[in-house]
Every structure is written in structure tokens, then in C-alpha cells.
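Undergrad: Starting from these lines, generate the structure:
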Amino acid sequence: MPLPMRFFIPPLFFLTFLAAWGMAALEGAEPAWPDAADPLAGMGVNIHFTDAPAGELEMLAGAGFRWVRMDLTWEKTEKQPGVYDFAAYDRLLASLDKFHIRALFILDYANRLYDNGLATHTDAGRAAFARWAVAAATHFQGRGVIWEIWNEPNGGWFWKPKANADDYAKLALAVSQAIHQAAPGEIIVGPALAGTKLDFLEVVAKAGALADWSGITIHPYLRGGPETYGPAYDQTRQLIRKYAEPSQRIDVTCGESGYSTTWVDEPTQGKYLARLFLFDVMSGVPLTIWYDWHDDGIDPKNREHHFGIVHHDYHASAALVYDPKPAYDAALTYAHELAGFRFHERM
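TA: Next up is the predicted model:
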């Protein structure tokens, strides 16, 4: 019996999809970059774990997600200068492989071994970060990972003590060039821009960082609903055309966005999830990361605790180890109904 369609019919536009006949012949081929016309190929969700408890990845994969986005944290993987330990991420990728889920790893955050624990801002700090990033990229080379340089560097919450576009641009340029020299087949994106103001991104583009990037990742988080993201995508594409080489393809991706259920009620969150994935397919956005997989806490007033599509508490003996929100049902329905189809046109 078909699953209920109540969550994902978009109210503002009609989309047509064509069945992808003959796709079985392509099964097993792992494209380096998601196909923007395939409504499931770029369906991703943010996570905060390397070792999932029993049943968690089964539930995540069951909702149709093909990607997870996860911090690959510098300080946790280089605790002694020049000594790198990626064992936790080896375990994560091995677990994801079982469910044919790929990873976007964020190369991020400061390390107390360098630059006094502040965001990377010296030549020595940048060189150390680049060595670590190359070690990660070569360690996981050929595994289909997308590498993102930092998370929301345009905010002082992640680039301490204060956001600095010039310092980030220098880091992004050094890291991108080093990875592409050591592992030329790996895919790099950035800057995981918080919001939709592009002044910070323009500084990065002027510095030449786009030369080694396959995608610009932005985090819109616009309260008006997914259909309001269009102008941000258009403005980012205009910036790409201004600074990228004409022969270079750089896509705009929704690297992170979602709706806390302190902002909207749970049914509305579910509707927004399906509408975001549909709108991004219509907009030619090849990768969309929904934030977040499960609630990070239970404080009813803390917005950060309620972005998940499943609730916080884990039930080890249950068939579903987390209590799903309507957004989980929306993801499952979206994936079920559109499997095997490709976006054709907006009418």
C-alpha cells in the first residue's frame, strides 16, 4: 500500500517527475557528485556521532537519507603534534557503507596545540591545519567523502574570538590546494556560510579559494519557509559567475538548514522538510542537508534541542529506537514516493 502523501505536496507550485527507466543498469555506480535531478540523490541529514547505538542507522537509512554531514574535529583527531587518529571515523564510514550512505566531513575548529586554541590565524597554524586535512583526505581517499572546510566561519561562535574573512580565506586556500595536490580526486566545498549575506563569501572568492571547490555551501535558515531560499541561491550563483573560471562548474548546495520545533509546530516542521527537498530539486541544488537528525536535548525552551526529526530519548528495545516526529514520516514518504523518478520541470 502506498505511504500517505499528506506531508509533501507543495502548496505553491506543481512539479512533474519522470520515471527513471533503465536505472538498474546504473546501480552500483557511485557518482562523485549528486545528480540534482534525482530527488533522492542529495537527500542528507546532519548527525553528531561516530558510533551509533543499535538501530539508529537502520532508522536513519529507513527514512531515505543518502548522506550524513558530520564534524571531523581537528582537536579530537590530533592530540599530539603530527599524530593523527581517525579510528572513530573509520568506524563511522564502515557503518555507513552497510546502508549505502555517504559522508560529508567538516574539517573544523581550533586545536589547543596551535594558535593558542583560537581559530587558525597564523602561517604556522594554517600549515598545521593543512597537514592534518591532507592526512584525513588521503586516509579516506576514494571513499566518496565530500570535504567541507570549517563550519560557519562567518560567526564568532565557531571562529573565535571573532569572525575574520581574510584569515578564513587564507586557510581555505591553503587547505584546498594541499588536498588537491595530495588527493586530486577528492571533492572540496565551503564555506558553510551562516545565513544569506554574501560579503564574507565574496572575500573568500576574491582570494581565489573557488578554484579548488566543487560547491558553495550556505545555511539559509529562513523562517518564512523553504520557498524563500530562492533569492539566496540566485545571489550565490551570481557571485560564482563573477569569480570562478568560466570552465569551472561550482554548484550551490544547502549545506545545512532546518526548523526547530520551538519555532514551528511538529506538523509544520514535517511539511517544511518535504518542501525543502522538493524546492531544492526544482532549484538545481544537488545536495541538501537537513538539520538535525535527532533532538539534542529535552529543554522545551532551548531551540537547539529541537531541530531533530526524531525525539531525543533512545529506546534500546523498541522497533524504532527514537520516537519519530511528523518530519520523519515526511522524509520516509518523500523517499518512498519519488524513488526511481527524476525532476523534469516546474509547471
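Undergrad: With the flanking residues excluded, which residue is spatially nearest to Ala32?
TA: Ile187 (6.2 Å; CB to CB, 6 or more residues apart in numbering). C-betas here are computed from N, CA, C, even on glycine.
Undergrad: where does the one you found land on pLDDT?
TA: Predicted confidence (pLDDT) for Ile187: 96.
Undergrad: measure it to Leu273 for me?
TA: Applying CB to CB, to the nearest Å, the value for Ile187 to Leu273 is 25 Å.
Undergrad: in the stretch 201-347 of the chain, which spans are strands?
TA: Using DSSP state E, counting those that start in this stretch, the strands found in the stretch 201-347 of the chain span residues 215-219, 251-257, 288-290, 310-314, 322-324, 341-346.
Undergrad: can I get the ones you listed in CSV with mean pLDDT, mean neighbour count and distance to Asn164?
TA: Output for the strands of the stretch 201-347 of the chain, formatted as CSV (pLDDT from 0 to 100; neighbours: other CB atoms under 10 Å; distance: least, CB to CB, whole Å):
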stretch, mean pLDDT, mean neighbour count, distance to Asn164
strand 215-219, 97, 25, 19
strand 251-257, 97, 26, 20
strand 288-290, 98, 26, 25
strand 310-314, 97, 16, 35
strand 322-324, 98, 19, 39
strand 341-346, 92, 14, 39
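Undergrad: hmm, back to that, wait, the residue nearest to Ala32 touches Glu148, no?
TA: No - using CB atoms under 8 Å, Ile187 is not in contact with Glu148, being 9.6 Å away.
Undergrad: Turn the strands of the stretch 201-347 of the chain into JSON lines, including distance to Glu266.
TA: Formatted as JSON lines, the strands of the stretch 201-347 of the chain follow (distance: least, CB to CB, whole Å):
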{"stretch": "strand 215-219", "distance to Glu266": "22"}
{"stretch": "strand 251-257", "distance to Glu266": "17"}
{"stretch": "strand 288-290", "distance to Glu266": "15"}
{"stretch": "strand 310-314", "distance to Glu266": "10"}
{"stretch": "strand 322-324", "distance to Glu266": "10"}
{"stretch": "strand 341-346", "distance to Glu266": "27"}
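Undergrad: what's near enough to touch the closest residue to Gly44 other than its chain neighbours?
TA: Nearest non-adjacent residue to Gly44, counting by CB to CB, 6+ apart: Trp67, 3.2 Å away. Applying CB atoms under 8 Å, 6 or more residues apart in numbering to Trp67 gives the contacts Pro34, Gly42, Met43, Gly44, Val45, Ile101, Arg102, Ala103, Leu104, Leu287, Ile289.
Undergrad: and the residues you listed, which are buried?
TA: Neighbour counting with 16 or more other CB atoms under 10 Å marks Pro34, Gly42, Met43, Gly44, Val45, Ile101, Arg102, Ala103, Leu104, Leu287, Ile289 as buried within the contacts of Trp67.
Undergrad: Verify the stated contact: the second one with Trp290.
TA: No - Gly42 is not in contact with Trp290 according to CB under 8 Å; the separation is 11.0 Å.
Undergrad: Show the end-to-end separation of stretch 278-286, please.
TA: 11 Å (CA to CA, to the nearest Å).
Undergrad: Buried residues in that stretch, which are they?
TA: Within stretch 278-286, the residues scored as buried using 16+ other CB under 10 Å are Leu278, Phe279, Asp280, Val281, Met282, Ser283, Val285, Pro286.
Undergrad: Could you report the distance from the last one to Asp296?
TA: Summarising the geometry, the distance separating Pro286 from Asp296, computed by CB to CB, is 27 Å.
Undergrad: do the same with the first one
TA: Using CB to CB, one obtains 26 Å as the distance from Leu278 to Asp296.
Undergrad: same deal with the fourth one?
TA: Taking CB to CB as the criterion, Val281 is separated from Asp296 by 28 Å.
Undergrad: go on, the second one?
TA: Plainly put, Phe279 is 26 Å away from Asp296 if you go by CB to CB.
Undergrad: now swap in the fifth one and tell me
TA: As defined by CB to CB, Met282 lies at a distance of 30 Å from Asp296.
Undergrad: same thing with the third one?
TA: Asp280 sits 24 Å away from Asp296, taking CB to CB as the criterion.
Undergrad: Fine, thanks again, bye for now.
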